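S.K.: compute the structure for the input listed below.
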Amino acid sequence: MSTLRVLLAALLCLLPTGCGTDNPFPESSTMWRIRERGMLTVGIKFDQPMFGYKDPASGRITGFDAEVARLIAKDLTGSERNIRFVETVSRERENFIAQGVVDVVIATYSITPARAQLVSFTDPYYYAGQDLLVRVADTTIEDVSDLEGKSVCTAKGSTSSDRLRTLAPGASLEIVDAYSVCVPALVAGRVDAISTDDTILLGLLDQHPDVFRLARKPFGREPYGMGVRKQDTGFRDYLNGLIGRWLRDGEWDRAFKDTIGVAGAAPDQSRPANR
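M.R.: The predicted model follows:
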């Protein structure tokens with residue numbers, strides 16, 4: 001009888017559910033570890049309305065990047081609530097990935113050759129264009145060619161600062177850790193403009209509609225990718241599969257409509273092609 005029980009137990013282990021486990025991912029893979037842990041840890045920004053923003057009253061993280069992260073958590077753990085957000089400013093993204101502080105960084109993370117030497121990027125899940133946010137009353141700045149002799153605030157470690165140095169060499173750059181620092185500086189007139197991706201600027205504009213205006217003359221196109229450990233091709237490929245599924249089944253469009261779409265942005269230029 002004991003031999004029969006042993007045989008039955010062995011047969012059960014060959015079934016898709018395994019020996020009492022419901023983990024469908026390859027053992028020791030990042031997906032498997034997250035499923036076993038029951039929690040996805042995501043690096044995200046806390047100061048970018050429409051993408052990654054921590055509400056000071058409720059503490060809830062909102063925005064397009066947050067919704068994308070919740071979709072991953074739901075697929076990996078069964079619930080979008082099984083997620084822990086870690087504030088990750090631009091200059092810490094590569095460090096947090098390499099040190100294992102987070103499983104994945106989803107933080108308006110532009111894909112560049114230099115960064116791709118340090119981390120593994122997914123396919124683009126979003127496209128943004130760099131633009132300028134200025135004071136409503138300032139009519140001297142309409143596009144990047146007007147920045148000669150102007151002071152422009154942007155974030156450390158961002159591709160925005162690199163592009164400004166190339167396209168507006170006569171501008172004075174104020175490099176800060178977070179775009180939230182730029183807002184009071186622009187209000188007070190300590191800087192003449194804020195420059196970064198247009199969708200981030202839309203979030204800032206939404207908070208100060210009577211104070212700021214968006215130039216709406218984008219220069220440069222930014223593909224956003226999710227960043228994972230350099231050699232973790234399994235996790236990267238899994239995430240690429242999710243992106244493709246969201247584009248096909250409408251999840252991407254729903255996330256856009258509930259976040260960036262509220263500010264009146266159209267998805268046409270931002271949506272990756274269906275795959």
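S.K.: parallel or antiparallel, which strands does the host helix or strand of residue 84 pair with?
M.R.: In this assignment (DSSP states H and E), residue 84 forms part of strand 83-87. Strand 83-87 sits in its sheet next to strand 40-44 (parallel), going by DSSP bridges.
S.K.: what helices or strands is the next helix or strand after the partner strand leaning on?
M.R.: Moving toward the C-terminus from strand 40-44, the next helix or strand (DSSP H and E) is strand 47-48. Contacts defined by 3 or more Cβ pairs under 8 Å, 6 or more residues apart in numbering; DSSP states H and E place strand 47-48 against helix 179-188. Where C-beta positions appear, they are placed from N, C-alpha and C, glycine not excepted.
S.K.: mind listing residues that contact the helix it packs on?
M.R.: 47-48, 133-135, 153-155, 174, 176, 191-194, 196, 200, 204, 207-208, 211-212 (Cβ atoms under 8 Å, 6 or more residues apart in numbering).
S.K.: how far does that helix sit from the chain's center?
M.R.: From the chain centre to the centre of helix 179-188 is a distance of 22 Å (Cα atoms, centre = their mean, to the nearest Å).
S.K.: same check, this time on stretch 171-180
M.R.: In terms of Cα atoms, centre = their mean, the centre of stretch 171-180 is set 19 Å apart from its chain centre.
S.K.: circling back to that earlier point, drop anything exposed from the contacts of helix 179-188.
M.R.: Buried members of the contacts of helix 179-188, scored by 16 or more other Cβ atoms under 10 Å, are 47-48, 133-135, 153-155, 174, 176, 191-194, 196, 200, 204, 212.
S.K.: residue 273: how many residues sit nearby?
M.R.: Residue 273: 6 surrounding residues under other Cβ atoms under 10 Å.
S.K.: give me every residue that touches it.
M.R.: residue 247.
S.K.: tell me which residues of the lengthiest helix in the chain come out buried.
M.R.: Scanning the chain for the longest helix, with DSSP state H as the assignment, gives helix 233-249. Buried residues in helix 233-249, defined by neighbour count with 16+ other Cβ under 10 Å: 234, 235, 236, 238, 239, 240, 242, 243, 244, 246, 247.
S.K.: what do you get for stretch 226-234?
M.R.: Buried-residue list, stretch 226-234, by 16+ other Cβ under 10 Å: 226, 227, 228, 229, 230, 232, 234.
S.K.: what pLDDT, on average, does it get?
M.R.: Per-residue pLDDT values over stretch 226-234 give a mean of 97.
S.K.: for stretch 57-77, same thing?
M.R.: Across stretch 57-77, pLDDT averages out at 97.
S.K.: got the CA positions of it in CSV?
M.R.: The C-alpha trace of stretch 57-77 is given here as CSV (Å, rounded to 0.1, in the frame of the first residue of the first chain):
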residue,chain,number,x,y,z
ALA,A,57,-3.0,62.2,0.8
SER,A,58,-3.7,58.6,0.0
GLY,A,59,-0.2,57.3,-0.7
ARG,A,60,-1.5,55.5,-3.8
ILE,A,61,0.8,55.4,-6.8
THR,A,62,-1.0,56.4,-10.0
GLY,A,63,-0.1,56.9,-13.7
PHE,A,64,0.5,54.9,-16.9
ASP,A,65,3.7,53.2,-15.6
ALA,A,66,1.9,52.2,-12.4
GLU,A,67,-0.9,50.6,-14.4
VAL,A,68,1.6,48.7,-16.6
ALA,A,69,3.2,47.4,-13.4
ARG,A,70,-0.1,46.3,-11.9
LEU,A,71,-0.8,44.3,-15.1
ILE,A,72,2.5,42.5,-14.7
ALA,A,73,1.7,41.8,-11.0
LYS,A,74,-1.7,40.4,-11.9
ASP,A,75,-0.2,38.0,-14.5
LEU,A,76,2.6,36.9,-12.2
THR,A,77,0.9,36.6,-8.9
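S.K.: identify each buried residue in that stretch, please.
M.R.: Neighbour counts over stretch 57-77 (16+ other Cβ under 10 Å) mark 61-77 as buried.
S.K.: next one: stretch 155-167
M.R.: So for stretch 155-167, counting by 16+ other Cβ under 10 Å, buried means 155, 157, 158, 159, 160, 161, 163, 164, 167.
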